[in-house]
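1. No letters, just coordinates:
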């Protein structure tokens, strides 16, 4: 039972990590919490569900995943062009970016409600039978698949940020936008690229959440607070710290639900975040994240 709880916790924590990583990427370059990210997650989940349910015969899951990722990129690009891009051109205060993200988050959720209502849509079962036995331990095939996809995506993201010229440029803009411009980096184009990468992560996050739970308008906003908690604990703007904190958050949440119940768990998670804000506000990542902020 303990192994099952840890595996389930890591799998849901990996999804939180995908969500929080997109959150942290935007914060690192624009210095505001992009609440529209949750709306894009919900819209992407609907796009993936509609794509899979409207095509006959049913497309393979990898094709649905690819379509959903591109849908997340497209929705994020629309949000950027309709809101954030204009604010960047005017050198607006980060507060206006935050207010714009809140507006887009509400707008996306209301558009989904207006078109599809508040009812939940479920993806068809992906595995029959749904469980498998490994060394006498019963594991969910769905959780193993979610964990595998999330880990691959996170490794690709870390490689992109740490080992490529694009990642180096993103880190430069995150540290100092004006100095990076003097070094020849087109910060506006790079910020748009970073947002699109975050949209890609939002797409796969929406699909994973939709498959694990169900698809409904508040799907993305429902885990927004958990993504924020992971970002705070990991260190705002720190990718590695956020990923580690999200994995830890998933394990703590699953174990807490099992032993304490679903009603007490949110109080525990917020209590952990409060402790970090009081004792270590820079988060797990420490000084580097603090310097960037």
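-> Happy to help now that I have it. Note that the structure is predicted; figures quoted are calculated from it, not measured.
2. can you pull out the strands in this structure?
-> Along the chain, the stretches classed as strands by DSSP state E are 131-134, 137-140.
3. and residue 77, which of those strands is closest to it?
-> strand 137-140 (34.4 Å; C-beta to C-beta). Any C-beta I mention is one placed from the backbone N, CA and C, and that applies to glycine too.
4. in its sheet, what does the closest one sit against?
-> strand 131-134 (antiparallel) (DSSP bridges).
5. Any chance you could list what contacts the partner strand?
-> For strand 131-134, contacts defined as C-beta atoms under 8 Å, 6 or more residues apart in numbering pick out 138-141, 144.
6. And those, which is closest to residue 155?
-> residue 144 (16.5 Å).
7. quick one on the thing from earlier: tell me the most buried of the strands of the chain?
-> Mean neighbours per residue, mean count of other C-beta atoms under 10 Å, is largest over the strands of the chain for strand 137-140, with a mean of 15.
8. Now do that one, average pLDDT.
-> Averaged over strand 137-140, pLDDT sits at 74.
9. Select, out of the strands of the chain, the one closest to residue 187.
-> Comparing these by C-beta to C-beta, strand 137-140 comes nearest, at 43.6 Å.
10. number of nearby residues for residue 111?
-> 14 (other C-beta atoms under 10 Å).
11. Need the pLDDT of it.
-> Turning to residue 111, the model gives it a pLDDT of 95.
12. Closest one of the contacts of strand 131-134 to residue 42?
-> Out of the contacts of strand 131-134, the member with the shortest distance to residue 42 (by C-beta to C-beta) is residue 140, at 23.8 Å.
13. The closest one is in contact with residue 12, isn't it?
-> No - with contact defined as C-beta atoms under 8 Å, residue 140 does not count as touching residue 12 (11.0 Å).
14. unless I'm mixing things up, residue 29 is touching residue 173, no?
-> Yes - with contacts counted by C-beta under 8 Å, residue 29 reaches residue 173, the gap being 5.2 Å.
15. Where does pLDDT dip in the stretch 1-150 of the chain?
-> For the stretch 1-150 of the chain, the stretches with pLDDT under 70 are 1, 135.
16. residue contacts, the nearest residue to residue 18 once chain neighbours are set aside?
-> Once flanking residues are discounted, residue 18 sits nearest to residue 205: 4.5 Å by C-beta to C-beta, 6 or more residues apart in numbering. Counting by C-beta under 8 Å, 6+ apart, residue 205 touches 15, 18-19, 22, 41, 44, 72, 220.
17. cutoff 6 Å now
-> 18-19, 41 (C-beta atoms under 6 Å, 6 or more residues apart in numbering).
18. try residue 216
-> Residue 216 touches residue 120, counting by C-beta under 6 Å, 6+ apart.
19. what ranges do the helices span in the protein?
-> 2-30, 36-54, 61-79, 85-89, 94-116, 141-163, 165-175, 177-182, 187-212, 219-222, 224-234, 239-260, 265-279, 287-292 (DSSP state H).
20. In TSV, list those along with distance to residue 125.
-> As requested, the helices of the chain are exported to TSV (distance: least, C-beta to C-beta, whole Å):
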stretch	distance to residue 125
helix 2-30	17
helix 36-54	12
helix 61-79	12
helix 85-89	41
helix 94-116	22
helix 141-163	9
helix 165-175	38
helix 177-182	47
helix 187-212	10
helix 219-222	19
helix 224-234	26
helix 239-260	21
helix 265-279	27
helix 287-292	41
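21. ok, the closest residue in space to residue 49 that isn't next to it in sequence - how many residues close by?
-> Nearest residue to residue 49, sequence neighbours excluded (C-beta to C-beta, 6+ apart): residue 215, at 4.7 Å. A total of 26 residues lie near residue 215 under the criterion other C-beta under 10 Å.
22. My guess is residue 215 contacts residue 47. True?
-> No - Residue 215 lies out of contact with residue 47 (C-beta atoms under 6 Å); the separation is 9.7 Å.
23. Common neighbours of these two, please.
-> By C-beta under 6 Å, 6+ apart, no residue touches both residue 215 and residue 47.
24. Highest neighbour count among the contacts of residue 205?
-> Result: residue 41 is most packed of these (other C-beta under 10 Å), 33 neighbours.
25. Test my guess that residue 173 contacts residue 187.
-> Yes - between residue 173 and residue 187 a contact is recorded at 5.2 Å, counting by C-beta under 6 Å.
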